[in-house]
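Novice: Generate a structure from the sequence data that follows.
(chains A and B)
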Amino acid sequence: MLNKYPMWKNVMVICIIAVGFFYAIPNLYSEDYAVQVVGTRGAEVTVATQSAVNDVLTSKNITVKRSELENGQLLVRVMDGDQQLLAKEAIADALGDKYTVALNLAPATPEWLEAMGGSPMKLGLDLRGGVHFLMEVKMGEAVRKMVESKMADFRTDLRGERIRYAGIRESAKGIEIKFRDADNLAKAERFLKSRGNDMVFTDSSSDGNYYLIANLSETYLKQVKEEALQQNITTIRNRVNELGVAEPVVQRQGAERIIVELPGVQDTARAKEILGATASIEFHMVDEKADAAAIASGRISANAKIYDRRQGGQVALYKEVMLSGTHIQGAQPSFDEYSRPQVSINLDSKGGSIFSNVTKDNIGKPMATLFIEYKDNGAKNPDGSIKLERIEEVISVATIQARLGRNFVITGLDHSEAQNLALLLRAGALIAPVVIVEERTIGPSLGAQNIQNGMEAMIWGMAVVLIFMLVYYRAFGLIANLALTANLVMVVGVMSMIPGAVLTLPGIAGMVLTVGMAVDGNVLIYERIREELRNGRSVQQAIHEGYGNAFSTIADANITTFMTALILFAVGTGAVKGFAVTLMIGIATSMFTAIVGTRAIVNAVWGGKRVKKLSI
Amino acid sequence: MFQILSIKGTVNFLRHAVPISILSLILVLGSLASLATKGINWGLDFTGGTVVELEFSKPVNLEVLRAELSSDEMQGVVVQNFGSSRDILIRLPVKADIKSDTQVGYVMEAGNKLDPQVIQKRVEMVGPQIGKELAEQGGLAVLVALICILIYVSFRFEWRLAMGSVVALAHDVIITLGVFSVLQLDFDLTVLAGVLTVVGYSLNDTIVVFDRIRENFLKMRKGGPEEVVNTSITQTMSRTIITTATTLVVVIALFLKGGTMIHGFATALLMGIFVGTFSSIYVASFLAIKLGINREHMLPVEIEKEGADQDPLMP
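Specialist: Below is the predicted model:
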């Protein structure tokens, strides 16, 4: 007999819809007031911290709803907003400044649901309020740094190999190494080429002048840029943690851009200052041979460069970087015995061993701390992009008294400078400066209003469509309406299930649009059934033909729409991507509910029976 | 059963094809002319610059606010109402010598002078470089979408139908853009999303008709291509009307209730649904006929089996 679904098919339909409904449930719960604790400056949040926090809150008579420790982050849920503020203060007092304590809102999904992977849809910034930054990494600086370190390498390596060279400098063509004769050039070329393929060497000698030009190879250049981006992402993530924002987003976009989203943050100025500031320090040895007269006349060794001192005056430092800021693990502002501000620094193990070697060989010699900062002073490059000014300043010169290890101090700063430097160093130095190329701030009230608008549009649109379908197709209309409702719930369910999916305002528009377009599948099928009935087919045959013939049409039509949504997803950013995601999910679920879902009901009600007339 | 349309027999849609095609052509040329002369009023996403949305506690006189903002630093500033007389949208162009933060600072200062309770609802800043890239990517996206569709439809149907559908889509996109150009509506990223959705929607319609055309070519033994097309359009007419109506209803709901931030998106869709429905009937099918589509093109390709012409080895 026609139009019977086998048991397994019915079970499958029920299962899929049940899963969709199940994962949509978390969206029904509201949010809990919570306090988030993250360890910074080397401190970690552990079970001990958790129990300490619980004890503090109990002693202050604050009821803890739930306390979760996950990914080194502690989330304590409390009853209401008042308690949240009290709890935050109490925790911050008890834990001290090694932890960042921030206010947060946590989804109130019940534990059993959460255990099964249930969580509500994530809301985009346009619905929640907050700041969005798009940052661009200035790759030119990363490359320049690399070229400089390569030049320093060449000097030491050639000297080590006793190959005589006349000079090394940077020119428009690349790093230019000058030799006095062809013999040394050939030796140098052979030696340098044998040392890996980071660099490409070309002999550009012309009568009497012997030059070797070195350039970063294409693959190495790409690697340098990739590393710069990755390192910057890590650094920015650390800095965001310092800000104490709940659920921040830091992700790469393309080859040299980073997206940062800080929900709930309204103070953009401070966020920008912390995120965009690119301060770093480097340690250089002082060129003692360069006296005041030499500095004044600018006649110093090619290996050295003249820098301004913060306290006034100038000093010549060797170009070679003894240690760069990337090895700094921790930094705290403190005071020395004369109450002068200083910054205590501790290094990672690699930095520690480098530093220990350097200082051992140079006891009694002066070493300088060079402070480097990139500032946006409003200047633009010819192509309209922002030009950053590089500011270099020697903040301290100290004689190395003894071999230094992983811990030491920097002096010569005023109080607030010490504070800022410590914060910046702690959060890690940016390997290349970043500039903010796009910034969007959405107020929280606007976010709430956007949600309300979207929901209202959805309710109105949906109501009209449901009523129309019911009146026009009667019993079959009711089935289509069930499918439509199930479809909407499934879109919500799938959106909640996919970790990266974010609901945005255009996303809500996409859902509303899905409501209008999802009936198309049913309309196609029902019109076909009506047509077959008009052509004098029996009821069962009409249903069979209707579904059968409409299938390829629905598939073709939806695949093409899906293709455009996919393209939209590929090129779009932020909110538009959100729209594309909901549209794609909507197409997939609506095909399922319109074709398979309604068929299951139709088969169950009319299939396999003698039916004279259909309510269609 | 009750029906919106009860059509007896076949309606000769193609009888009006020539005058309607001329009308289409005029609309397309008009849109192109407007795009060439007036251009598109590119929104912030594409031009770069800063947008500040303010909510005042009481209605604001735009002239007064404009006067407040008429300093040298603020040249080229656009002040307009956004949804209500208390909500104001201020657009600031990119300036080489002045930072966007400073610009926003001036705006807030002026706003505070008029109403100390003013709320800053939204600030968006887009660098000029990003805007340029987006415009290029957006244009490319529409092109890639059209090419993908051309390939898919050629593969699933036939190249003449593919050409018909792609020309119809280009027609819809151009006219939608034309409307934005003539009315000088803000064209931002959500509008681009709307335009691409129009492509998807209009194609939906076209495919439904084409599917019927293919089916009818195989089913109807008599009758020329015109008759097949007319029959197909007639048969799918009630579906077209119903789906267009339901989609229109939700888009109108979005337009009226969805808030100002998706107005552009809803407008693009509203335009697109009208033009798209009409073009899938007239432009797409008519062009396929003009390109000489006929029954032979629709017959499945017969696969020659190896050895089919030989005598069987075993009797």
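Novice: Tell me the backbone dihedrals of residue A:257, please.
Specialist: When read as degrees, to the nearest 10, the backbone of residue A:257 gives phi -130, psi 150.
Novice: How about the contacts made by the closest residue to it other than its chain neighbours?
Specialist: Of all residues not flanking residue A:257 in the chain, residue A:136 sits nearest, at 5.3 Å (C-beta to C-beta, 6 or more residues apart in numbering or on different chains). Placement of C-beta: from N, CA and C, glycine included. The contact partners of residue A:136, by C-beta atoms under 8 Å, 6 or more residues apart in numbering or on different chains, come to A:256, A:257, A:258, A:385, A:434, A:435, A:436, A:437.
Novice: and residue 14, how many residues sit next to it?
Specialist: Looking at chain A here, since you left the chain open. 12 (other C-beta atoms under 10 Å in any protein chain shown).
Novice: you looked at the wrong chain, it should be chain B
Specialist: With other C-beta under 10 Å as criterion, residue B:14 counts 19.
Novice: Surely it touches residue B:283?
Specialist: No: contact between residue B:14 and residue B:283 fails when scored by C-beta atoms under 8 Å: they sit 11.9 Å apart.
Novice: domain parsing for the chain?
Specialist: Defaulting to chain A. A:7-26+A:444-606, A:31-108, A:139-220, A:277-440 (automatic domain parsing).
Novice: not quite, I wanted chain B
Specialist: Split by automatic domain parsing, chain B gives B:2-41+B:131-298, B:49-126.
Novice: Can you confirm whether the shortest one lies near chain A?
Specialist: Yes: judged by C-beta under 8 Å from any C-beta of the partner chain, domain B:49-126 comes into contact with chain A through B:53, B:55, B:94, B:96-101, B:119-126.
Novice: Distance check, the residue lying closest to residue A:81 once chain neighbours are set aside against residue A:77.
Specialist: Nearest non-adjacent residue to residue A:81, counting by C-beta to C-beta, 6+ apart: residue A:33, 5.6 Å away. Residue A:33 sits 7 Å away from residue A:77, going by C-beta to C-beta, to the nearest Å.
Novice: Would you mark the buried spots in the helix or strand where residue B:108 lies?
Specialist: Under the criterion of DSSP states H and E, residue B:108 resides in helix B:100-114. By 16 or more other C-beta atoms under 10 Å in any protein chain shown, the buried positions in helix B:100-114 come out as B:100, B:101, B:103, B:104, B:106, B:107, B:110, B:111, B:114.
Novice: what helices or strands is that helix leaning on?
Specialist: strand B:49-55, helix B:62-68, strand B:84-92, strand B:119-126 (3 or more C-beta pairs under 8 Å, 6 or more residues apart in numbering or on different chains; DSSP states H and E).
Novice: contacts for the longest one?
Specialist: Yep, that's strand B:84-92 we're talking about. B:44, B:49-60, B:62, B:65, B:69, B:74, B:76-82, B:100, B:103-104, B:107, B:111, B:121, B:260.
Novice: switch to 6 Å and redo it
Specialist: With contacts defined as C-beta atoms under 6 Å, 6 or more residues apart in numbering or on different chains, strand B:84-92 is touched by B:49-56, B:59-60, B:77-80, B:82, B:103, B:107.
Novice: Buried only: go through those residues for me.
Specialist: With burial judged by 16+ other C-beta under 10 Å, the buried subset of the contacts of strand B:84-92 is B:49-56, B:60, B:77, B:79, B:82, B:103, B:107.
Novice: Spit out the contact partners of residue B:288.
Specialist: Applying C-beta under 6 Å, 6+ apart, the residues near residue B:288 are B:160, B:161, B:164.
Novice: re the thing from before, any chance of the domains of chain B in TSV, plus mean pLDDT?
Specialist: Converted to TSV, the domains of chain B look like this (pLDDT from 0 to 100):
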stretch	mean pLDDT
domain B:2-41+B:131-298	89
domain B:49-126	86
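Novice: ok, and which of these has the densest surroundings?
Specialist: Among these, domain B:2-41+B:131-298 has the highest mean neighbour count (mean count of other C-beta atoms under 10 Å in any protein chain shown), at a mean of 20.
Novice: secondary structure element for residue A:35?
Specialist: With elements taken from DSSP H and E, the one containing residue A:35 is strand A:31-39.
Novice: Which parts of stretch A:545-561 count as buried, going by neighbours?
Specialist: Neighbour counts over stretch A:545-561 (16+ other C-beta under 10 Å) mark A:545-547, A:549-551, A:553-558, A:560-561 as buried.
Novice: what helices or strands is the strand holding residue A:35 leaning on?
Specialist: Contacts defined by 3 or more C-beta pairs under 6 Å, 6 or more residues apart in numbering or on different chains; DSSP states H and E place strand A:31-39 against strand A:73-78, helix A:81-95, strand A:99-107.
Novice: Looking at those, which one is packed in the most?
Specialist: Most buried among these, counting by mean count of other C-beta under 10 Å: strand A:73-78, with a mean of 22.
Novice: Could you tell me the angle between that one and helix A:81-95?
Specialist: For strand A:73-78 against helix A:81-95, the angle by axes from the mean of the first three to the mean of the last three C-alpha atoms, to 10 degrees is 140 degrees.
Novice: how about the helices in the stretch 51-200 of chain A?
Specialist: A:81-95, A:111-115, A:125-128, A:139-160, A:182-193 (DSSP state H, counting those that start in this stretch).
Novice: Helices of the stretch 451-600 of chain A, residue ranges please.
Specialist: Ranges of helices within the stretch 451-600 of chain A are A:505-534, A:539-571, A:574-591, A:598-605, based on DSSP H, counting those that start in this stretch.
Novice: Actually, the stretch 151-300 of chain B.
Specialist: B:159-182, B:189-219, B:225-257, B:263-279, B:285-290, B:295-298.
Novice: Looking at strand pairing, list the partners for the residue in the stretch 101-250 of chain A positioned nearest to chain B.
Specialist: In the stretch 101-250 of chain A, the residue found nearest to chain B is residue A:134; the distance is 6.8 Å by C-beta to the nearest C-beta. With DSSP bridges applied, the residues forming beta bridges to residue A:134 are residue A:259, residue A:438.
Novice: what's the answer for residue A:253, then?
Specialist: Note on residue A:253: beta-bridge partners by DSSP bridges are residue A:257.
Novice: gap between it and residue B:245?
Specialist: Residue A:253 is 40 Å from residue B:245, by C-beta to C-beta.
Novice: now do residue B:130
Specialist: For residue B:130 relative to residue B:245 (C-beta to C-beta), the value is 39 Å.
Novice: for residue A:393, same thing?
Specialist: 70 Å.
Novice: before we move on, what about residue A:9?
Specialist: From residue A:9 over to residue B:245 the distance is 32 Å, taken as C-beta to C-beta.
Novice: what residues are up against the closest residue to residue A:569 other than its chain neighbours?
Specialist: Spatially, and ignoring its direct neighbours in sequence, residue A:569 is nearest to residue A:580 (3.7 Å; C-beta to C-beta, 6+ apart). Each residue near residue A:580 by C-beta under 6 Å, 6+ apart is listed here: A:565, A:568, A:569, A:572.
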